[in-house]
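A.B. asks: Provide a 3D model corresponding to the input given below.
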Amino acid sequence: MKVKGLAMAVFALLLLMADSVQVGNVVITGMLSPAWSQEKIIKIDGSSTVYPITEAVAEEFQKAKKGTVKVTVGISGTGGGFKKFSRGETDISDASRPITQKEIEACKEAGIQYIELPVAYDGLAVMVNPKNSWVTSMTVAQLKRIWEPAAEGKVTKWSYVNSAWPDVPLKLYGPGVDSGTFDYFTEAIVGKSRASRGDFTASEDDNVLVQGIASDKGGLGFFGYAYYAENTDKLKLVAIDGGKGPVLPSERTVMDGTYYPLSRPIFIYVNKKSAQRPEVKEFVDFYLKNASILVKEVKYIPLPDMAYKLAAERFAKRVTGTVFGGEARVGVKIEDLLKLEKKK
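C.D. replies: Residues are numbered from 1 along each chain as shown. I've put the predicted structure just below:
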């Protein structure tokens, strides 16, 4: 009798802990399993630029939830992230540019509605090797001459860009074609998204680009300002002349738009269906509430308080779609777009 009673007690404990227990042809569902034994998972992927912010938020959120929620954050690039998002493989997509018309259509075909939420400002930094003594600033026209498709195999030395510069081989480094940073840079500098020469070292991992520029005297590259801020001892920042004189990226110049045309907002996109899950809703609320602090901690530039307030309202009302209409807009202030949308 004692053995039988012990067996029944063990069975009852297993039933409480397990998702289900099968007895013969009957499956008995565990009563406490959802809250006790199952860890809830939020899946995020996308931009390597937005990654440090989302990763910082995820770490703090997981601490607050004391192990009951796991947040996974990938870095397949903005384009790669949207591909997974449109297939329903992720709950949230990090993006360093607005969603494109092609990506909008992919989501529509899959029946996925999304909520577009800005989380920070970023300035695209243009950098050279610290041993580069001839460049302190560059014009948009010079950058275009280097990066436009027609430059491939032809503009291969610094002297080809400016005759006053030395005859040193020009080695280029930049984000891969799935990167939103690549898309935005080509739109802002070349005049057309994704229009670029192909003979450069490309990587979705910005740390690879840092090492490339840092090890090559003739190196030049671009990526998010935060990665430069983490590697100031390895890189030399170049001021950009967008028509009103050379300007270096900083919190002030990015926020006021004087670092033109390489200032931009960056985003997260939330699957509306996923937002129905309590853990996803809590995570996004936590993200927007704490973004201004955590964005600074990882060397990015927070949005104005009004922009976070408008984004929080957008999420609370589950407003779907994009304020950009599937097109890149260079030099815009996201808070102005959100205000315009609110007035509609």
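
A.B. asks: contacts and neighbour counts: CA atoms only from here.
C.D. replies: Noted.

A.B. asks: run through the bridge partners of residue 269.
C.D. replies: When bridges are assigned using DSSP bridges, the partners listed for residue 269 are residue 93, residue 116.

A.B. asks: any buried residues in stretch 57-64, and which?
C.D. replies: Of the residues in stretch 57-64, those buried under the neighbour-count criterion (16 or more other C-alpha atoms under 10 Å) are 57, 58, 60, 61.

A.B. asks: whichever strand or helix holds the third one packs against which elements?
C.D. replies: Spelled out, it's residue 60. Taking DSSP states H and E as the definition, residue 60 sits inside helix 51-65. Using 3 or more C-alpha pairs under 8 Å, 6 or more residues apart in numbering; DSSP states H and E, the elements in contact with helix 51-65 are strand 69-73, helix 278-297.

A.B. asks: redo the ones you listed as TSV? Include mean neighbour count.
C.D. replies: As requested, the helices and strands packed on helix 51-65 are exported to TSV (neighbours: other C-alpha atoms under 10 Å):
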stretch	mean neighbour count
strand 69-73	19
helix 278-297	18
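
A.B. asks: what's near enough to touch residue 192?
C.D. replies: Taking C-alpha atoms under 8 Å, 6 or more residues apart in numbering as the definition of contact, the neighbours of residue 192 are residue 186.

A.B. asks: what about the strands in this structure?
C.D. replies: Assignment of strands within the chain using DSSP state E yields the ranges 20-23, 26-29, 40-46, 69-73, 92-95, 114-128, 137-139, 171-174, 201-202, 219-224, 236-241, 246-247, 263-271.

A.B. asks: out of the ones you listed, deepest packed?
C.D. replies: Across the strands of the chain, averaging neighbours per residue (mean count of other C-alpha atoms under 10 Å) puts strand 92-95 on top, at a mean of 31.

A.B. asks: domain map for this structure?
C.D. replies: Domains of the chain are assigned by automatic domain parsing as 36-121+266-343, 123-255.

A.B. asks: where in the stretch 1-150 of the chain is pLDDT low?
C.D. replies: Counting by pLDDT under 70, the ranges of the stretch 1-150 of the chain that qualify are 1-38.

A.B. asks: wait, doesn't residue 237 sit right on residue 124?
C.D. replies: No. Between residue 237 and residue 124 no contact is recorded; they are 10.7 Å apart, counting by C-alpha atoms under 8 Å.

A.B. asks: I'd like to know how far the nearest residue to residue 334 once chain neighbours are set aside sits from residue 288.
C.D. replies: Spatial nearest neighbour of residue 334, chain neighbours left out: residue 265 (6.5 Å); criterion: C-alpha to C-alpha, 6 or more residues apart in numbering. Between residue 265 and residue 288 the distance, using C-alpha to C-alpha, to the nearest Å, works out to 14 Å.

A.B. asks: do residue 306 as well
C.D. replies: Taken as C-alpha to C-alpha, the spacing of residue 306 relative to residue 288 amounts to 12 Å.

A.B. asks: is it true that residue 126 touches residue 238?
C.D. replies: Yes. Assessed by C-alpha under 8 Å, residue 126 is found in contact with residue 238 at 5.6 Å.

A.B. asks: so can I have a markdown table of the strands of the chain showing distance to residue 312?
C.D. replies: Formatted as a markdown table, the strands of the chain follow (distance: least, C-alpha to C-alpha, whole Å):
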| stretch | distance to residue 312 |
| --- | --- |
| strand 20-23 | 39 |
| strand 26-29 | 38 |
| strand 40-46 | 19 |
| strand 69-73 | 20 |
| strand 92-95 | 16 |
| strand 114-128 | 8 |
| strand 137-139 | 38 |
| strand 171-174 | 33 |
| strand 201-202 | 35 |
| strand 219-224 | 25 |
| strand 236-241 | 34 |
| strand 246-247 | 32 |
| strand 263-271 | 12 |
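
A.B. asks: backbone dihedrals for residue 167, please?
C.D. replies: Geometry field for residue 167 lists phi and psi as phi -80, psi 50, criterion degrees, to the nearest 10.

A.B. asks: next, the contact list for it, please.
C.D. replies: Counting by C-alpha under 8 Å, 6+ apart, residue 167 touches 157, 158, 159, 160.

A.B. asks: that older thread, closest to residue 80 out of the strands of the chain?
C.D. replies: Closest to residue 80 of the strands of the chain is strand 40-46 (C-alpha to C-alpha; 6.2 Å).

A.B. asks: what lines up beside that closest one in the sheet?
C.D. replies: Its sheet considered, strand 40-46 pairs with strand 69-73 (parallel), strand 92-95 (parallel) by DSSP bridges.

A.B. asks: relative to helix 278-297, how tilted is it?
C.D. replies: What separates the directions of strand 40-46 and helix 278-297 is an angle of 50 degrees, with axes from the mean of the first three to the mean of the last three C-alpha atoms, to 10 degrees.
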